[in-house]
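S.K.: structure of the sequence below:
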Amino acid sequence: MSENITRIYLDDREIILIGTAHVSKQSAEEVKEIILKEKPDSVCVELDQQRYQAIVDGSKWKDMDIFKVIKEKKATFLLINLVISSFQKRIAKQFNIKAGQEMIQGIESAKEIGANLVLADRSIQITFSRIWHGIGLKGKAQLMLQIFLSIFNDDTISEEELEKLKSQDMLNSMLNDFTEAFPKLKIPLIDERDQYLAQKIKEAPGNKVVAVLGAAHVPGIKEEIKRENDLAALSKAPKRSKLPKIIGWSIPILILSIIAYTFYVNRSAGIDQTMSWVLWNGISSAIGAAVSLGHPFTIITAFVIAPISSLNPLLAAGWFAGIVEAYFRRPSVADFEQLSEDVYTLKGFWKNKVTRILLVVALTNLGSSIGTFIGGADVVRLFIKQIMG
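M.R.: Numbers count the residues shown, from 1 in each chain. Have a look, this model is predicted:
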């Protein structure tokens, strides 16, 4: 029996865990072999409804309304999803298989033998929101940096190295390193999903259950399956703290108050503060749009809107820039069809009109945030200079 197979016995039930590498041809073949041989009552796959739908509905990109994505503030979330999947897809392409082929095989084999198919993973949106909520400002910056840098990663690995990633000893070692480097990220990404997956597997109907899982989850599930876990609690989106909202409104009120007071005391100094705020915000935001290779009108929009949107937490320069970009360079059906191929490469992210719009939104907002910080600091500096005489 392969070392990637773990058998667990609970009372009169048998649960078979298949630890896979998500881009391994051998993993997909192993999934097929085990399901056909064991003929379980249920097959659990490490997918939620959203990712399952993405697999069974290959035309989903064609139906995406890019304007709706921007208006619903999902552009950055979608971009992060695409970036995260791009590394996996690059490796999968290297071995001439589909990313997630083992999950596809699990779905197909379950249908072939007439087994119940159980989507055992937690919603990716809940997982991401719990990650985002729990890692703090520094953690958010580190995570975004790692995700962005992964676009530039074109490393290749051998299939032997890929298969080694599934050995439990190496896996435990990797998880320990991961915990030390980024402990707060491991809780929602690995630990909580271990609990969720274990409970869903345990609740799957029938006396024999096969679960197709990323190998990283197998050690945790072996422990969690002995316990009862509350799926409702694990599925709750975290409560939003009021602090960011308070800070979000306090900064513009403070900036406007300082500028207004300075205008009252010294009109010339007030004009200097206003120009500093406008230029830092406008230029930083415009640079973000330009780096995204946005349309000239997109760059102008970013420059004009950023100084205003930075004073209102309900607005974001990236949304306006993204809508302008989508208006002047509306993605064609071909862009949506080509999206799954273009995310393989750095060039593709900038070439495809869909991902370019998402980059415009994200990088314009990033530039606006940087401009707010620098411009706000300069406004305060000029204020202190004024009152110090």
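S.K.: please count neighbours and contacts with C-alpha atoms only from this point.
M.R.: Will do.
S.K.: domain assignment for the protein?
M.R.: Annotated domains of the chain cover 5-234, 243-387 [automatic domain parsing].
S.K.: and the strands in the stretch 151-300 of the chain, which stretches?
M.R.: Counting by DSSP state E, counting those that start in this stretch, the stretch 151-300 of the chain has strands at residues 208-214.
S.K.: give the contact list for I305.
M.R.: I305 is in contact with G282, A317, F320, counting by C-alpha atoms under 8 Å, 6 or more residues apart in numbering.
S.K.: mind telling me which of the domains of the chain the model trusts least?
M.R.: Lowest mean pLDDT within the domains of the chain: domain 5-234, at a mean of 78.
S.K.: pull up the distance across that one, start to finish.
M.R.: Domain 5-234 has an end-to-end distance of 27 Å (C-alpha to C-alpha, to the nearest Å).
S.K.: next one: stretch 289-308 to chain centre, how far?
M.R.: Between the centre of stretch 289-308 and the centre of its chain there are 24 Å (C-alpha atoms, centre = their mean, to the nearest Å).
S.K.: distance check, L119 against Q101.
M.R.: 16 Å.
S.K.: sorry, wrong one. I was asking about A75.
M.R.: Counting by C-alpha to C-alpha, the gap from A75 to Q101 is 27 Å.
S.K.: more neighbours: which of these two?
M.R.: A75 (25 against 21; other C-alpha atoms under 10 Å).
S.K.: who's in contact with that one?
M.R.: Neighbouring residues of A75 by C-alpha under 8 Å, 6+ apart: V69, L358, V361, A362.
S.K.: in space, what's closest to G348 - neighbours in sequence excluded?
M.R.: Once flanking residues are discounted, G348 sits nearest to D342: 4.2 Å by C-alpha to C-alpha, 6 or more residues apart in numbering.
S.K.: longest helix in the protein, by number of residues?
M.R.: Ordering each helix of the chain by length in residues (DSSP state H) puts helix 353-387 first.
S.K.: how about it, which residues are buried there?
M.R.: 353-376, 378-380, 382-383 (16 or more other C-alpha atoms under 10 Å).
S.K.: next one: stretch 284-304
M.R.: Across stretch 284-304, burial judged by 16+ other C-alpha under 10 Å covers 284-290, 292-295, 298-304.
S.K.: quick one, helices of the stretch 151-300 of the chain?
M.R.: For the stretch 151-300 of the chain, the helices defined by DSSP state H, counting those that start in this stretch cover 159-164, 168-181, 183-186, 192-203, 218-224, 231-234, 243-265, 267-291, 296-309.
S.K.: what residues sit buried inside the third one?
M.R.: For helix 183-186, the buried set under the neighbour-count rule, 16+ other C-alpha under 10 Å, comprises K184, L185, K186.
S.K.: can I get the CA coordinates of that helix in PDB?
M.R.: Presented in PDB, the C-alpha positions along helix 183-186 are these (Å, rounded to 0.1, in the frame of the first residue of the first chain):
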ATOM      1  CA  PRO A 183       2.100  31.200  12.700                       C
ATOM      2  CA  LYS A 184      -1.200  33.100  12.400                       C
ATOM      3  CA  LEU A 185      -1.600  32.100   8.800                       C
ATOM      4  CA  LYS A 186      -1.500  28.400   9.500                       C
END
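S.K.: so V118 is in which element?
M.R.: Assigned by DSSP states H and E, V118 belongs to strand 116-119.
S.K.: and the next helix or strand past that strand?
M.R.: Next along the chain after strand 116-119, taking DSSP H and E as the criterion, comes helix 124-134.
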